[in-house]
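1. Pasting a predicted model and its sequence here:
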Amino acid sequence: MPILFVAIAAMLIQQTVATSAKLSLPAMFPAVAADLGFDPAYVLLYTGANAAFAILVMAGCGGAIRRWGALRVSQIGCCLMALGLASAAILAQPWLVLPPLALAVMLNSAGSTVATPASSQILSRYAPPKWAPLVFSIKQTGVPAGLAISGFVLAPMAVAFGWRVALLGLAFVCVAIAALLQPVRQEFDRDRDPQARPRWTDFPETVRAVLASREIRGMAFAAFCFVGMQSIFMNFTITYLHEAHSFDLEAAGAMFGSATLLAIPARIFWGWLGSAFVPPRVLLAGLAVLMALSTGAMGAFDETWSKAAIFGVASVVSLTVLSWHGVLLSEAARLAPREEVGRMTGGVLAFGSAGQVIFPQIFALGLALDGFQVAYILIGLPALGVAAVLCAPERAKD
């Protein structure tokens, strides 16, 4: 089997399990909260802490990738996720909630966060430059696949067998994936530097390196806005439809779930388009404009909108806000020095994690000013700035 196919399959599997592990506790939070006796609304605190910790890991994992190799870092990530899940399942008790869940946040966030920079380092070596957007996009379908597993497998398991059993089962899968990746370690980690040493300064140095290049800086700005908009769509859409437009929870969930499924073929389609017909920067600029328009349209929903029209707008949001990842990551990898792909893509995604923290605050400001319409407009406006930045002529250096 050609080594590129092996790389895609291996990285798709590790991306899927990383996403499942990252979303496992939020998917089970109602059951966890009922068992441990706290308000399930604290899921927002959990996800916010996860995103904040991910900023540090994203921008700081480059040294580890250089020292041990991207595949070994992926394996370590799987083991960290397993430890995080197991710590929550075994240690969390009604009289001891915060320390085990805090430990789970740190271990799970660290383990799941390194998946994308590590896989980017590996795929950049084997993907033909022309087809890199498609290759990266195929790998990134592991994210919606992991989302589907969290919703359709882990949540029912928590109901049928208990949330602790579900978490321990997923922890076992994480360890098994780490073991299954071992046969390809020698090939995929040939570019590691055993003399390199991870340093505490890796985080600020990576941030400075990202900001020093105009082209990579543009990718970081795009990631900041796109991930921020994605977090709003994924976390608030069901609540918005239920509270503002009288959808019952089942109908709101069904509409949201149907729309998000479109992101799986959309990621592959945009990757193919960016590989074969449209320059990736131009494609990302066009997607940014569609994001801004469709997100703004979500805020315009009222009683005159049919369910079909609402679903149409939600689908456009899904086709753009949930579907850009492979194109952006391949472009960030192209712009980075070959031996620094993992570090630089991690730095770009650190800005994305910052957007995941900040955009809910922007959304909340819009709600306070004049309700959902202003809130959705506010989170869409930065995407127009992204389009303007990415439409500027590319240059190699500032």
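-> Structure received.

2. With adjacent residues omitted, what lies nearest to the residue nearest to the spatial centre of the chain?
-> Nearest residue to the geometric centre of the chain (Cα atoms, centre = their mean): residue 143, 6.8 Å. Excluding its sequence neighbours, the residue lying closest to residue 143 (Cβ to Cβ, 6 or more residues apart in numbering) is residue 19, at 5.0 Å. In short, each C-beta sits where N, CA and C put it, glycine included.

3. swap in residue 48?
-> Spatial nearest neighbour of residue 48, chain neighbours left out: residue 357 (6.4 Å); criterion: Cβ to Cβ, 6+ apart.

4. can you check residue 358 too?
-> Distances taken as Cβ to Cβ, 6+ apart place residue 228 nearest to residue 358, at 6.3 Å, with adjacent residues excluded.

5. Tell me if the residue nearest to the centre of the chain really is in a helix.
-> Yes. Read with DSSP: H, G, I helix; E, B strand; the rest coil, residue 143 is one of the residues of a helix.

6. Hmm, it is touching residue 17, no?
-> No. Counting by Cβ atoms under 8 Å, residue 143 stays clear of residue 17, with 11.4 Å between them.

7. For the residue of the chain most remote from its centre, which three-state class applies?
-> No residue in the chain sits farther from the centre than residue 304, which is 34.2 Å out by Cα atoms, centre = their mean. Put simply, residue 304 is coil when judged by three-state DSSP.

8. Any idea how many residues pack against residue 277?
-> 8 (other Cβ atoms under 10 Å).

9. roughly how far apart are it and residue 134?
-> Plainly put, residue 277 is 11 Å away from residue 134 if you go by Cβ to Cβ, to the nearest Å.

10. Same question for residue 154.
-> Going from residue 154 to residue 134 by Cβ to Cβ gives 30 Å.

11. Show me how far whichever strand or helix holds residue 310 is from its chain's centre.
-> According to DSSP states H and E, residue 310 maps onto helix 307-321. Distance, stretch centre to chain centre, for helix 307-321: 20 Å (Cα atoms, centre = their mean, to the nearest Å).

12. Send me that helix as PDB with only the CA atoms.
-> What follows is helix 307-321, C-alpha atoms only, in PDB (Å, rounded to 0.1, in the frame of the first residue of the first chain):
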ATOM      1  CA  LYS A 307     -38.300  25.400   8.700                       C
ATOM      2  CA  ALA A 308     -36.900  24.600   5.200                       C
ATOM      3  CA  ALA A 309     -35.400  28.100   4.900                       C
ATOM      4  CA  ILE A 310     -33.900  27.900   8.400                       C
ATOM      5  CA  PHE A 311     -32.400  24.500   7.600                       C
ATOM      6  CA  GLY A 312     -31.000  26.000   4.300                       C
ATOM      7  CA  VAL A 313     -29.200  28.700   6.200                       C
ATOM      8  CA  ALA A 314     -28.000  26.400   8.900                       C
ATOM      9  CA  SER A 315     -26.700  24.100   6.100                       C
ATOM     10  CA  VAL A 316     -24.700  26.900   4.500                       C
ATOM     11  CA  VAL A 317     -23.200  27.700   7.900                       C
ATOM     12  CA  SER A 318     -22.200  24.000   8.300                       C
ATOM     13  CA  LEU A 319     -20.800  23.800   4.700                       C
ATOM     14  CA  THR A 320     -18.500  26.800   5.500                       C
ATOM     15  CA  VAL A 321     -17.900  27.200   9.300                       C
END
